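Novice: predicted model follows, preceded by the sequence.
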Amino acid sequence: MAKFKKSYQLGEIEIPTSALPDIIFMLLFFFMVTTVLKEKEDKVKYLIPDAEQIKKIEKKSLVTEVIIGYPKQSVTFGSEAVIQANGRIIQLSEVPQFIEESKSKLSEFEKDQLIVLLKVDKDVEMGIVTDVQQELRKANARKVVYASLTELKK
């Protein structure tokens with residue numbers, strides 16, 4: 001029987017790595033192009049006030065966002081404070097319907113745990129905020145939190 005001679009040594013095999021930087025940059029470019037940073041455009045300009053004490057919300061899936069502020073396009077929406085929910089301007093009477101739509105996206109167990117995050121401009125009068133709170137009560141949305149900037153530095 002003939003013996004076959006090995007034509008290579010075990011330590012001599014190298015894996016070519018010259019193409020790895022090209023592959024990494026192609027992947028990086030792919031993810032940069034396909035990533036969506038912001039799904040909806042704010043039609044309301046708002047400046048959130050500072051807070052004394054802040055608590056982080058654990059389950060982000062339970063949060064629905066309502067923004068109260070002055071419109072960016074005063075020609076279209078006027079100069080009074082408006083309510084924005086899910087990227088569209090809504091009337092005060094439409095708040096309960098918006099809450100029901102948000103609850104319908106959650107499971108039966110999570111419907112009572114819906115958290116309404118109010119982002120209110122610090123220059124908006126409290127009247128519209130109180131009206132929104134009343135409408136949230138009618139819609140049985142009892143968990144309301146206010147967005148704020150980071151804790152004040154003393």
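Specialist: Received it, and whenever you're ready, just let me know what you need.

Novice: isn't Leu47 right next to Asp121, touching?
Specialist: Yes: at 5.6 Å, Leu47 and Asp121 qualify as touching, with contact defined as C-beta atoms under 8 Å. All C-beta atoms are positioned from the backbone trio N, CA, C, and that covers glycine.

Novice: the more surrounded of those two?
Specialist: Remark: of Leu47 and Asp121, Asp121 carries more neighbours, 18 against 13, as counted by other C-beta atoms under 10 Å.

Novice: in contact with the more buried one, which residues?
Specialist: Contacts for Asp121 (C-beta atoms under 8 Å, 6 or more residues apart in numbering) come out as Val44, Lys45, Tyr46, Leu47, Ile48, Ile68, Gly69, Tyr70, Ala81.

Novice: for the fourth one, helix, strand, or coil?
Specialist: When the structure is split into helix, strand and coil by DSSP: H, G, I helix; E, B strand; the rest coil, Leu47 lands in coil.

Novice: and it, its phi and psi?
Specialist: Dihedral angles of Leu47 (phi, psi; degrees, to the nearest 10) stand at phi -120, psi 110.

Novice: what about it, distance to Lys56?
Specialist: Counting by C-beta to C-beta, to the nearest Å, the gap from Leu47 to Lys56 is 21 Å.

Novice: please enumerate the strands of the protein.
Specialist: Using DSSP state E, the strands of the chain run over 44-45, 63-71, 82-85, 88-90, 115-120, 143-146.
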